[in-house]
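>>> sequence first, then the predicted structure, then my questions.
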Amino acid sequence: QVRLVESGGGLVQAGGSLRLSCAGSGRTFSMYALGWFRQVPGKAREFVASINRPGGRTSYAESVKGRFTISRDNVRNTAYLQLDRVTPEDTAVYYCAAKGGVVFAVTPVDEGDYDYWGQGTQVTVNS
């Protein structure tokens, strides 16, 4: 089992940058594939990015490809989402998620694949 706590959200101007962090508890953090999702009120939660257990493989939603970067540090039990060149459409609550029982190469993209979720962190982009 793993507990996830997001941080780093806030208010940013369009075109700016922000880095989100996801701190995981426990000694088995490296056994989980990790993902970032986001949700705006009235809409379904959507996939943003995911990373495999060692951190060498990543997947991105088309809407953020080339602007966002997911990474992880298994020594610090932390995952990151670097948001660059943000737009008002990136405004949302961002959630970190973890999926256990996966082989090294997997980067899950479906919300239903994930077992554990953080509480979310709000990102607001001003135009």
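All right, it came through fine. Residues are numbered from 1 along each chain as shown.
>>> end-to-end on stretch 55-70?
Distance across stretch 55-70, first residue to last, is 9 Å (Cα to Cα, to the nearest Å).
>>> next one: stretch 57-75
With Cα to Cα as the measure, the ends of stretch 57-75 fall 18 Å from one another.
>>> for that stretch, buried residues please.
By neighbour count with 16 or more other Cβ atoms under 10 Å, stretch 57-75 contains the buried residues Ser59, Tyr60, Ala61, Val64, Phe68, Thr69, Ile70, Arg72. Heads up, the C-betas are built off the backbone N, CA and C, glycines and all.
>>> which outside residues touch it?
Stretch 57-75 is contacted by residues 29-30, 34, 36, 46-52, 54-55, 78-86, 89-90, 105, 107, 109 when judged by Cβ atoms under 8 Å, 6 or more residues apart in numbering.
>>> before we move on, back to that, narrow the buried residues of stretch 57-75 to those in strands?
In strands, judged by DSSP state E, the following of the buried residues of stretch 57-75 are found: Ser59, Tyr60, Phe68, Thr69, Ile70, Arg72.
>>> out of those residues, which comes closest to Arg19?
Nearest to Arg19 out of those is Thr69 (Cβ to Cβ; 9.2 Å).
>>> show me the strands in the chain, by range?
Secondary structure of the chain (DSSP E): strands at 4-7, 10-13, 18-24, 33-39, 46-51, 58-60, 68-73, 78-83, 92-99, 116-117, 121-126.
>>> out of the contacts of stretch 57-75, which are buried?
Buried residues within those, defined by neighbour count using 16+ other Cβ under 10 Å: 29, 34, 36, 47-52, 78-81, 83, 86, 90, 107.
>>> under the pLDDT cut-off, which ranges of the chain? List them.
Judged against pLDDT under 70, the chain has no low-scoring part.
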